[in-house]
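Q: Fold the stuff below for me.
(4 chains)
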Number of protein chains: 2
Amino acid sequence: MAVQHNNSVARAFAILEMFSESRPHLTAGDVARELSLNNVTAHRFLHSLEAAGALVPVSRGTYRLGHLFVDLARRVTSHQALAETAQPVLDWVAETLNESAMASVFEGGSVICLATTKPKRHLFVDLRPGMRLEAHCTSQGKVWLASLDDKALSRALDQMPLVGLTERTITDRALLEREIESVREQGYAINDGEREEGLRTIAVPVVGRDGRMITGLSVYGPASRINNEALEHAHAALTEAARKIVDALYGRSALQA
Amino acid sequence: MAVQHNNSVARAFAILEMFSESRPHLTAGDVARELSLNNVTAHRFLHSLEAAGALVPVSRGTYRLGHLFVDLARRVTSHQALAETAQPVLDWVAETLNESAMASVFEGGSVICLATTKPKRHLFVDLRPGMRLEAHCTSQGKVWLASLDDKALSRALDQMPLVGLTERTITDRALLEREIESVREQGYAINDGEREEGLRTIAVPVVGRDGRMITGLSVYGPASRINNEALEHAHAALTEAARKIVDALYGRSALQA
DNA sequence: AGTATATATTTCTATATTTGAAATAACAGG
DNA sequence: CCTGTTATTTCAAATATAGAAATATATACT
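A: Residues are numbered from 1 along each chain as shown, chains lettered A, B, ... in the order given. A predicted model of the protein is given here:
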């Protein structure tokens, strides 16, 4: 017989998953109806989740999610936790392509390196976890900017000095906005010597099941090696890497689409 | 007899609460030992939480929290959800003091009004949910800045134009940093005509159980009414309001200190 | 490579917990 | 105040859960 699971745990999480942005409240009637439970059982689960701190009562018989989940979520998204998940996947990318790979988050208008690898090559770029990179002239940065909604993008650009670091840096705001639009359309970004001459990079977003960007993944190396064919291979590898990371973060949950 | 709770739900959440920033991983041995469970039972709970998407396996017998919690947390911290929790408490503050009150979040270096009230007065300031306010010259903003660690504060100030809006606006960075230091020490911030002449406001942070600031609360009105005695009353009311909001967000969980 | 130890998994069954019917209580709307 | 709906409580039947025992796997040591 298959491993014995605890049905109550499964039910509890099925109830939690019923909440959504468009459904901030749940009643026992909702739960009973949608999970095919007896009304008494539904009430009992809601009370149990409340006692556990997972739900808080809004009014009699109506609940919403408790702040406990914010605390738990922070333990999921710490840089260390994300880096730990990303590292083996980056190693796989680096080994597959024999180039460097990197994972990032986006904070305060900057790209922060979470994790990175080194290829078995003599010529490479030295990036380390914790390093901050400009957003406007990196492939990672463009991917992060592309993930913002229009208002947030406009605000981010308002505060972003478009400093020219090489002759290829995009320093004109309208041009950058068009570049971001292209990134949105094609789903990846390329940096061709915009931050560092002779360096070429491609980045893709890792998007969670709720549609939000969790981390960015990129491959980078000297332009002499990273030709267009190499970029295509890198894009394919990074897309697969993104899937692997999402699977690693969420696990093989039964609730997965 | 007291209401019957589901013991499995309680145990599941007790396991989830074992995770922390310093403890990103758990084994069945940890769970069995610390929750006084049989080893088989501990294994079974971990497997059940994994199947529910709450945990993901790191290696054989070792787990970490799943990204599901990030998705759930976002449903908790949407502006609408926070505003809904804050509104009745703001109403209580406004009624108690007969002045306006407001709740905020901090995004992209700005204070965003989440919810607000109007006192039964003719002379008042028109603030509405969604409005963005400068951080450097508002009491809410100073409280948010004070909640940042030194690095994050420095970075935020790097990008913050210290525009003089009145003669009292602090436009000197060193002075502002000293002001923020004072806010950290005293636990509240005051704005005395720095953003709008003749307007006085006091703000306090609402801090979650993990030590992070969730929302800011403030009381505001014309300086002719908001004298020092009124500020003291406001501070007391806002401090109690902060507690009420934390309780409302987390609920009366058994895990509460 | 072999052995010992520790941990993980599987199986099975006793029983403690959970479920849900029925009764009662509380609430909302007319 | 009455009625209908939802929430809560009680209690006994049902069953899911817990944990002992056996087995499997992994790791560390020699």
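
Q: Going along the chain, name the strands of the stretch 51-200 of chain A.
A: For the stretch 51-200 of chain A, the strands defined by DSSP state E, counting those that start in this stretch cover A:55-59, A:62-65, A:100-107, A:110-116, A:132-133, A:189-192, A:199-207.

Q: Please convert those strands to JSON lines, extending it with mean pLDDT.
A: Putting these into JSON lines (pLDDT from 0 to 100) gives the following:
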{"stretch": "strand A:55-59", "mean pLDDT": "90"}
{"stretch": "strand A:62-65", "mean pLDDT": "93"}
{"stretch": "strand A:100-107", "mean pLDDT": "94"}
{"stretch": "strand A:110-116", "mean pLDDT": "93"}
{"stretch": "strand A:132-133", "mean pLDDT": "91"}
{"stretch": "strand A:189-192", "mean pLDDT": "95"}
{"stretch": "strand A:199-207", "mean pLDDT": "96"}
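
Q: Run through the residues that contact the residue of the stretch 51-200 of chain A found nearest DNA strand D.
A: Nearest residue of the stretch 51-200 of chain A to DNA strand D, counting by C-beta to the nearest atom of the strand: residue A:61, 2.2 Å away. The C-beta positions use only the backbone N, C-alpha and C, and glycine is treated the same way. Residue A:61 makes contact with A:27, A:28, A:43 under the criterion C-beta atoms under 8 Å, 6 or more residues apart in numbering or on different chains.

Q: And residue A:3, by the same measure?
A: Residue A:3 is in contact with B:44, B:47, counting by C-beta under 8 Å, 6+ apart.

Q: Just confirm it is within a helix.
A: No. Residue assignment for residue A:3, taken from DSSP: H, G, I helix; E, B strand; the rest coil, gives coil, which places it outside any helix.

Q: mind listing the helices for the stretch 51-200 of chain A?
A: A:68-76, A:79-97, A:139-147, A:150-158, A:173-186 (DSSP state H, counting those that start in this stretch).

Q: Minimum distance to residue B:18: which of those has it?
A: When the helices of the stretch 51-200 of chain A are compared for distance to residue B:18 using C-beta to C-beta, the nearest one is helix A:68-76, at 10.5 Å.

Q: Does at least one residue of that closest one sit close to chain B?
A: Yes. Among the residues of helix A:68-76, A:68, A:69, A:70, A:71, A:72, A:73, A:74, A:75, A:76 lie within reach of chain B under C-beta under 8 Å from any C-beta of the partner chain.

Q: Please compute how far the helix ranked longest in chain A lies from its chain's middle.
A: Longest helix in chain A by number of residues (criterion: DSSP state H): helix A:228-250. Averaging C-alpha coordinates over helix A:228-250 and over its chain gives two centres that are 13 Å apart (C-alpha atoms, centre = their mean, to the nearest Å).

Q: what's the pLDDT at the most far-flung residue of chain A relative to its centre?
A: Relative to the mean C-alpha coordinate of chain A, counting by C-alpha atoms, centre = their mean, the farthest residue is residue A:40 (39.3 Å). Residue A:40 is assigned a pLDDT of 92 by the prediction.

Q: wait, is it part of a helix?
A: Yes. Residue A:40 sits within a helix when classified using three-state DSSP.

Q: now it: how far from residue B:71?
A: With the distance defined as C-beta to C-beta, to the nearest Å, residue A:40 ends up 29 Å from residue B:71.

Q: Shouldn't residue A:219 be within a helix?
A: No. Assessed with three-state DSSP, residue A:219 is strand; it does not lie in a helix.

Q: Might you report the residue contacts of it?
A: Applying C-beta under 8 Å, 6+ apart, one finds that residue A:219 lies in contact with A:93, A:97, A:99-102, A:201-203, A:226, A:234, A:237-238.

Q: do stretch A:42-59 and DNA strand C meet?
A: Yes. Legend: contact between stretch A:42-59 and DNA strand C by C-beta under 7 Å from any atom of the strand is shown at A:44, A:45, A:59.

Q: Buried residues, that stretch. List them.
A: Using 16 or more other C-beta atoms under 10 Å in any protein chain shown as the test for burial, stretch A:42-59 gives A:42-56, A:58.

Q: send the alpha carbons of it over as PDB?
A: Taking Å, rounded to 0.1, in the frame of the first residue of the first chain, the C-alpha atoms of stretch A:42-59 are listed here in PDB:
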ATOM      1  CA  ALA A  42     -16.100  22.200   7.900                       C
ATOM      2  CA  HIS A  43     -16.800  24.300  11.000                       C
ATOM      3  CA  ARG A  44     -14.500  22.200  13.000                       C
ATOM      4  CA  PHE A  45     -11.600  22.600  10.500                       C
ATOM      5  CA  LEU A  46     -12.100  26.300  10.400                       C
ATOM      6  CA  HIS A  47     -12.000  26.500  14.200                       C
ATOM      7  CA  SER A  48      -8.900  24.200  14.300                       C
ATOM      8  CA  LEU A  49      -7.100  26.400  11.800                       C
ATOM      9  CA  GLU A  50      -8.000  29.500  13.800                       C
ATOM     10  CA  ALA A  51      -6.700  27.900  17.000                       C
ATOM     11  CA  ALA A  52      -3.500  27.100  15.100                       C
ATOM     12  CA  GLY A  53      -3.100  30.800  14.100                       C
ATOM     13  CA  ALA A  54      -3.600  30.100  10.400                       C
ATOM     14  CA  LEU A  55      -7.000  31.800  10.200                       C
ATOM     15  CA  VAL A  56      -8.500  34.800  12.000                       C
ATOM     16  CA  PRO A  57     -12.300  35.300  12.400                       C
ATOM     17  CA  VAL A  58     -13.700  38.300  10.500                       C
ATOM     18  CA  SER A  59     -17.200  37.900  11.900                       C
END
